[in-house]
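Q: build me a structure from this.
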Amino acid sequence: MKNLKLISVISSGDDKYKPIHDNFCANISSFDSVISSVEIINVDTKSGDWQSQGFLDTVYQKLDYTHQLLKQGYTVFCTDLDIFYLKDPIEYIYGLLDDFDIVGQNDFGRLCTGFYMVKPSNLTVDLFDTSEELILDGEQGDQNYIHTKLQSDEYSDLKVHKLDQDFFPNGYRWYKWHKRLKPSIVHYNSVDSIEGKIQKMKQFNHWLI
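A: Residues are numbered from 1 along each chain as shown. This is a model prediction of the structure:
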């Protein structure tokens, strides 16, 4: 897997989120495989609960770092810290890039910007360029920003693949259908507060610290 960068972003001013960061590190360090090499990037923001200003300042940094790395010719894998890994999916996802430009989690029909892999091209570099100001309907986060750009004709040639929801469930799907799922990862989103994420992880024995 050439020129692959694995990244995650955390606010350096977010003490509340640090336990989730520590749990993530404990999780990936248990693998003797590629997923253990995720680089944690500390950014100078003050994060917080979903859609707070600190949250928005932090999540857009994911797009900015992805944009920088794509411009340097890297394939980028970006993961949120509230994801628990049961299997290492990197080789599988990387293989899908033979046929697609972007592969990511399916989050209610949209590409999840908390779990994606993207290969460099002129179009993907432009897609992750946040200098383009957009008027967003509804939530103002990075996911809606990317989703809105993907709806325009400019990006119609991009091949985007959303992963099987049973193997890569978002929080809502996992909380509702966990008894029948055998996933590779679980994304503990669909919870508004940091405390709620921690409670859910503990509920499903995905808390290691």
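
Q: show me what the one helix or strand Phe115 maps to is packed up against.
A: Secondary structure from DSSP states H and E places Phe115 in strand 110-118. On a contact count with 3 or more Cβ pairs under 8 Å, 6 or more residues apart in numbering; DSSP states H and E, strand 110-118 meets helix 53-71, strand 75-79, helix 90-96, strand 102-107, helix 142-150, strand 185-187. Placement of C-beta: from N, CA and C, glycine included.

Q: buried ones in the least confident helix or strand in the chain by mean pLDDT?
A: Between all helices and strands in the chain, the lowest mean by mean pLDDT, DSSP states H and E belongs to helix 53-71, at a mean of 87. Residues of helix 53-71 classed as buried by neighbour count (16 or more other Cβ atoms under 10 Å): 54-67, 69-70.

Q: flag every buried residue along the very next helix or strand once past the strand holding Phe115.
A: Sequence-wise, the next helix or strand downstream of strand 110-118 (DSSP H and E) is helix 122-127. Applying a neighbour-count criterion of 16+ other Cβ under 10 Å, one finds Leu123, Thr124, Val125, Leu127 buried in helix 122-127.

Q: for helix 122-127, list the C-alpha coordinates in CSV.
A: Only the C-alpha atoms of helix 122-127 are listed here, as CSV (Å, rounded to 0.1, in the frame of the first residue of the first chain):
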residue,chain,number,x,y,z
ASN,A,122,-7.5,16.9,-9.3
LEU,A,123,-11.2,16.3,-8.4
THR,A,124,-10.5,14.9,-4.9
VAL,A,125,-8.1,17.7,-4.1
ASP,A,126,-10.8,20.2,-5.1
LEU,A,127,-13.5,18.3,-3.2
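
Q: from the contact counts, what lies against that helix?
A: Helices and strands touching helix 122-127, by 3+ Cβ pairs under 8 Å, 6+ apart, are helix 53-71, helix 142-150.

Q: pull the longest one out as PDB, backbone CA atoms only.
A: Which is helix 53-71. The C-alpha trace of helix 53-71 is given here as PDB (Å, rounded to 0.1, in the frame of the first residue of the first chain):
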ATOM      1  CA  GLN A  53     -18.500  25.900  17.500                       C
ATOM      2  CA  GLY A  54     -15.500  24.100  18.900                       C
ATOM      3  CA  PHE A  55     -16.800  20.900  17.300                       C
ATOM      4  CA  LEU A  56     -17.100  22.600  13.900                       C
ATOM      5  CA  ASP A  57     -13.700  24.200  14.200                       C
ATOM      6  CA  THR A  58     -12.200  20.700  14.800                       C
ATOM      7  CA  VAL A  59     -14.000  18.600  12.200                       C
ATOM      8  CA  TYR A  60     -13.100  20.900   9.400                       C
ATOM      9  CA  GLN A  61      -9.500  20.400  10.200                       C
ATOM     10  CA  LYS A  62     -10.000  16.800   9.000                       C
ATOM     11  CA  LEU A  63     -10.800  18.100   5.600                       C
ATOM     12  CA  ASP A  64      -7.900  20.500   5.600                       C
ATOM     13  CA  TYR A  65      -5.400  17.800   6.500                       C
ATOM     14  CA  THR A  66      -6.800  15.500   3.900                       C
ATOM     15  CA  HIS A  67      -6.600  18.300   1.300                       C
ATOM     16  CA  GLN A  68      -2.900  18.900   2.100                       C
ATOM     17  CA  LEU A  69      -2.000  15.300   1.900                       C
ATOM     18  CA  LEU A  70      -3.900  14.700  -1.300                       C
ATOM     19  CA  LYS A  71      -2.000  17.600  -2.900                       C
END
